[in-house]
Each structure stands twice: as structure tokens, then as C-alpha cells.
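Asker: Please find the sequence and the predicted model below.
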Amino acid sequence: MKVKSIFVNLPIKDLKKTRDFWTKLGFSFNEQFSDDKALCLVLNDGLIYCMLITHEMFSTFTNRPIADETTTQVLIAIQVDSREQVDEIVKLAIENGATRYRESADHGWMYYDCFADLDGHQWEIMFTDPTQMQQ
């Protein structure tokens, strides 16, 4: 089994603030899948996307209550190319309204840092160096 791509769907409160936040972090959007109810955040074009959907629209996809920023239902971990990129993304996120929910961790072969975005979704930004892994 192999999937072609993945779309993670997350509820958001404010489209404009969300667009501004992710743009300031250096990310882009697929405008073909973005409108006044949702944004398609490009994580890896052609493979990985995050649909950031207004609460009103998101509620049409589920019969369960939408979790608020005081609960955790998913941790979204994304891998980047360097430790410096981890630090830069987290720094920009915090400067633009995100909050830190735990400190960074350095395991030698894996380094990561974390933030909660404007809607409380928890993101882990990580760099891994397979050459540092224990055999």
C-alpha cells in the first residue's frame, strides 16, 4: 500500500491571521484549494499539505465536537534540512504569535523544537542526521 499524497485537516478560527502567520514562517499556499473557508498550506508540494479549515466548514466534515486549544488530538511533526532551520522556524513562529509548549530536545541524531500555532495546534519541527544514529 502506498498513498499518493497526504492532506492533514485542521480547524482554524481566522483565515487571514492564519495565512499571515504561515507566510511569515516562509510557507506558501496552494491557491487552487484555498478559498474563504479554507487554506491549503504546502508542506511538500505534490506530497504533503495541511488544510486549514474554518470551524464552520470543518464542522460539516465531522459529527464530533471540534477540540479547542486546551486539548491535544494530534502532534504534527515535520522534518527540515538542518538544525538551523528548526531554530529559525520556531523563532519566527513565536515572534508571530505562536506559543512554546515544551523546550527543544537534542538527542544527537535528532534535534527538534516545538510550538503551538495561533489555534493551539502543536507542531514539532525536527532535523535528523542518520549518520549519528547508534547501530
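Answerer: All right, it came through fine.
Asker: Quick one: list the elements packing against the top helix by length along the chain.
Answerer: In the chain, ranked by residue count with DSSP state H as the criterion, the top helix is helix 83-95. Contacts defined by 3 or more C-beta pairs under 8 Å, 6 or more residues apart in numbering; DSSP states H and E place helix 83-95 against helix 15-24, strand 110-116, strand 122-128. Glycine gets a C-beta too; all of them are placed from N, C-alpha and C.
Asker: got the angle for the second one vs strand 122-128?
Answerer: Orientation check (axes from the mean of the first three to the mean of the last three C-alpha atoms, to 10 degrees): strand 110-116 against strand 122-128 gives 160 degrees.
Asker: Tell me the helices and strands packed up against strand 110-116.
Answerer: Right, strand 110-116 is packed against helix 83-95, strand 105-106, strand 122-128 by 3+ C-beta pairs under 8 Å, 6+ apart.
Asker: Among the ones you listed, single out whichever gets nearest to residue 11.
Answerer: Nearest to residue 11 among the helices and strands packed on strand 110-116 is strand 122-128; the distance by C-beta to C-beta comes to 13.7 Å.
Asker: ok so, going back, now the helices and strands packed on strand 110-116 as a markdown table including mean pLDDT?
Answerer: As requested, the helices and strands packed on strand 110-116 are arranged in a markdown table below (pLDDT from 0 to 100):
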| stretch | mean pLDDT |
| --- | --- |
| helix 83-95 | 97 |
| strand 105-106 | 96 |
| strand 122-128 | 96 |
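Asker: Save those as a markdown table, and put in distance to residue 55 too.
Answerer: Conversion of these to a markdown table gives the following (distance: least, C-beta to C-beta, whole Å):
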| stretch | distance to residue 55 |
| --- | --- |
| helix 83-95 | 21 |
| strand 105-106 | 32 |
| strand 122-128 | 18 |
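Asker: quick one, which of the helices and strands packed on helix 83-95 is packed in tightest?
Answerer: Between these, strand 110-116 has the highest mean count of neighbours, a mean of 20, where neighbours are mean count of other C-beta atoms under 10 Å.
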